[in-house]
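# next comes the sequence, and after it the predicted model I'd like to discuss.
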Amino acid sequence: MDPFEATLDQLAAERKRLDDLLDDALEQFAHFEEVMNPRMKAASPDELPALMAERGLMEDALGIVELVEQIDVIRERMAVLKG
């Protein structure tokens, strides 16, 4: 959906959809962190970069940053339409 051609109702529906996706992604990431945290605490300094990279890959796979960015665009557009 192009947020610059959507109505306020369409934007609100899309924001809710994206919020739900973000909630799900954050829940999955929290479960991942429960497993990752003990691994990071037990890791040697040499192992930490690989674990941080693994964490970043998971965050990317879940699309958390992209979802937040899309929500921000919709939030800004809704503010403009509301005047």
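Perfect, thanks for sending it.

# spit out the contact partners of the residue nearest the centre of the chain.
Among the residues of the chain, residue 64 comes closest to the average C-alpha position under Cα atoms, centre = their mean, at 1.8 Å. Applying Cβ atoms under 8 Å, 6 or more residues apart in numbering to residue 64 gives the contacts 22, 25-26, 29. Bear in mind the C-beta positions are built from the backbone N, C-alpha and C, glycine included.

# equivalent analysis for residue 63, please.
Residue 63 touches 21, 25, counting by Cβ under 8 Å, 6+ apart.

# repeat that for residue 73.
Neighbour list for residue 73: residue 3 [criterion: Cβ under 8 Å, 6+ apart].

# related to what we said a few turns ago, need the contacts of residue 64 in a markdown table (columns: distance to residue 75).
Listed next are those as a markdown table, based on distance: Cβ to Cβ, whole Å:
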| residue | distance to residue 75 |
| --- | --- |
| 22 | 12 |
| 25 | 18 |
| 26 | 17 |
| 29 | 21 |
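
# out of those residues, which sit inside helices?
22, 25-26, 29 (DSSP state H).

# top of those by neighbour count?
residue 25 (20 neighbours; other Cβ atoms under 10 Å).

# that one contacts residue 67, correct?
Yes - counting by Cβ atoms under 8 Å, residue 25 touches residue 67, with 6.3 Å between them.

# residue 40: which of the ones in helices among the contacts of residue 64 is nearest?
Nearest to residue 40 among those, counting by Cβ to Cβ, is residue 29 at 14.4 Å.

# hmm, the closest one is touching residue 60, no?
No - with contacts counted by Cβ under 8 Å, residue 29 stays clear of residue 60, the gap being 10.9 Å.
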